[in-house]
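> Build me a model from this:
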Amino acid sequence: MIVNNQQGTALIVTLFVVVILTITVTEFLYETWVDRSLAAGFRDGTKGLYALTSGMEAARAVIVDDFRRDQKNGLFIDTLQEYWAQPAIAIPLEDTFMFATIVDESSKINLNGLITTGGYPDDRYIAMFRRLLRNLELDENIADYARDWIDANEEGPAENPYYQSLPHPYRCKNARFDTVDELQMVRGVTPEVFSKLRKFVTIAGVTVNINTASREVLMALHDDITPSMADDVLAARTELPFKDKGEIKNLPGFVALYPEISNLIDVRSGAFSLQASVTFNESRRTAQAIYYNRTAERADLLYFKVD
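Predicted coordinates:
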């Protein structure tokens, strides 16, 4: 009986030791795997960051080269038929590809245009933004709320008193938009509203490029631009891009409107956004940038973000 008890005790001790050793080895192997995974993830993430930076420079070179060719041809226009306007440009890197999409920001309505350079309300842009909101079946008052967000005064329906009364209060910015995402801070801009608006608005540019603007933005230029008139613009530029903004008068209904919209439109672009992504193994990095002040030598960086 004593022998059996001793054997039983020895077996229990042995099993206990085996369990402890198994747990220890398993933890060691797991920690080693985690360390290697983290190191690999950090390596691939860092590699992706450098690749994005290089790739974004390559994408910037595309729009600079476009300007250079326009300069050589003596015709400055930007159209959706040009190389930069492809759905996605594949830029070869060391052992992968970076995919970049270039978008003409001058095809959109500039939120910062809601006030003049002197800080006063710009009725033309406010009216244009109101029309866009109306055409998208959104609250037109958001145009006034967005203006309140960027103007310097404290007068209006969406200033500090409103934002300070929220469950999670914050202050009205009273300065220009730094990003389009910032629009989500403005009164009335819910996630659903923002998802409808985001592709039609920007923080850069002055005039709207009629060679690249969407149907919705074209209709926002004037109360009397009907859906069929906007469609005429889309059809005409697909067949032959506008070389001069005055050519829009050749389309039905635009002769009478031209004096009122001529200062709002152009056939060239003042700003471009770049969206890029690159994947190394399981690490994916994305980046966004906006370039403006384009010349034959450079394009200035207005905004840059890496995720």
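
> List the buried residues in stretch 298-307.
A299, L302, Y303 (16 or more other C-beta atoms under 10 Å). All C-beta spots, glycine's among them, are computed from the backbone N, C-alpha and C.

> swap that for stretch 246-258, please
So, applying 16+ other C-beta under 10 Å, buried residues of stretch 246-258: E247, I248, F254, L257.

> do stretch 140-160 as well
142-151, 156, 158-159.

> circling back to that earlier point, and the buried residues of stretch 246-258, which of them are in helices?
Judged by DSSP state H, those include F254, L257 as members of helices.

> Could I get the buried residues of stretch 246-258 in a markdown table, plus columns for distance to R130?
Below are the buried residues of stretch 246-258 laid out as a markdown table (distance: C-beta to C-beta, whole Å):
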| residue | distance to R130 |
| --- | --- |
| E247 | 27 |
| I248 | 22 |
| F254 | 21 |
| L257 | 17 |
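
> Serialize the buried residues of stretch 246-258 to CSV and add fields for pLDDT and distance to W84.
CSV is the format used below for those (pLDDT from 0 to 100; distance: C-beta to C-beta, whole Å):
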residue, pLDDT, distance to W84
E247, 99, 22
I248, 99, 23
F254, 98, 27
L257, 98, 30
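
> how about the strands in the stretch 151-300 of the chain?
Assigned by DSSP state E, counting those that start in this stretch, the strands in the stretch 151-300 of the chain fall at 201-202, 208-209, 265-266, 271-280, 283-292, 300-306.

> Given the first one, what are its sheet partners and their directions?
When pairing is defined by DSSP bridges, strand 201-202 lines up against strand 109-110 (parallel).

> The helix or strand following the partner strand: how far from the chain's middle?
For strand 109-110, the following helix or strand on the C-terminal side (DSSP states H and E) is helix 123-135. Centroid separation for helix 123-135 versus its chain: 21 Å, with C-alpha atoms, centre = their mean, to the nearest Å.

> now stretch 207-222
18 Å.

> Just the CA trace of that stretch, in PDB.
Coordinates of each C-alpha in stretch 207-222 appear next as PDB, following Å, rounded to 0.1, in the frame of the first residue of the first chain:
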ATOM      1  CA  THR A 207     -12.400  77.500 -59.500                       C
ATOM      2  CA  VAL A 208     -14.300  74.400 -60.700                       C
ATOM      3  CA  ASN A 209     -12.800  72.600 -63.600                       C
ATOM      4  CA  ILE A 210     -15.600  71.900 -66.000                       C
ATOM      5  CA  ASN A 211     -13.500  69.200 -67.700                       C
ATOM      6  CA  THR A 212     -13.500  67.100 -64.500                       C
ATOM      7  CA  ALA A 213     -16.400  68.200 -62.300                       C
ATOM      8  CA  SER A 214     -19.200  65.700 -61.500                       C
ATOM      9  CA  ARG A 215     -22.800  66.200 -62.500                       C
ATOM     10  CA  GLU A 216     -23.700  67.200 -59.000                       C
ATOM     11  CA  VAL A 217     -21.000  69.900 -58.800                       C
ATOM     12  CA  LEU A 218     -21.900  71.300 -62.300                       C
ATOM     13  CA  MET A 219     -25.500  71.700 -61.200                       C
ATOM     14  CA  ALA A 220     -24.400  73.500 -58.100                       C
ATOM     15  CA  LEU A 221     -22.800  76.300 -60.100                       C
ATOM     16  CA  HIS A 222     -26.200  78.000 -60.800                       C
END
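
> sorry, back to before: would you mind finding the most buried of the strands of the stretch 151-300 of the chain?
strand 208-209 (a mean of 26; mean count of other C-beta atoms under 10 Å).

> if we can go back for a sec, nearest to I91, of the buried residues of stretch 298-307?
A299 (16.2 Å; C-beta to C-beta).

> For the closest one, give its distance to M98.
Going from A299 to M98 by C-beta to C-beta, to the nearest Å gives 18 Å.

> again with P259
45 Å.

> Looking only at neighbour counts, state which of those two leads.
More neighbours surround M98 than the other of P259 and M98, with 23 against 8 (other C-beta atoms under 10 Å).
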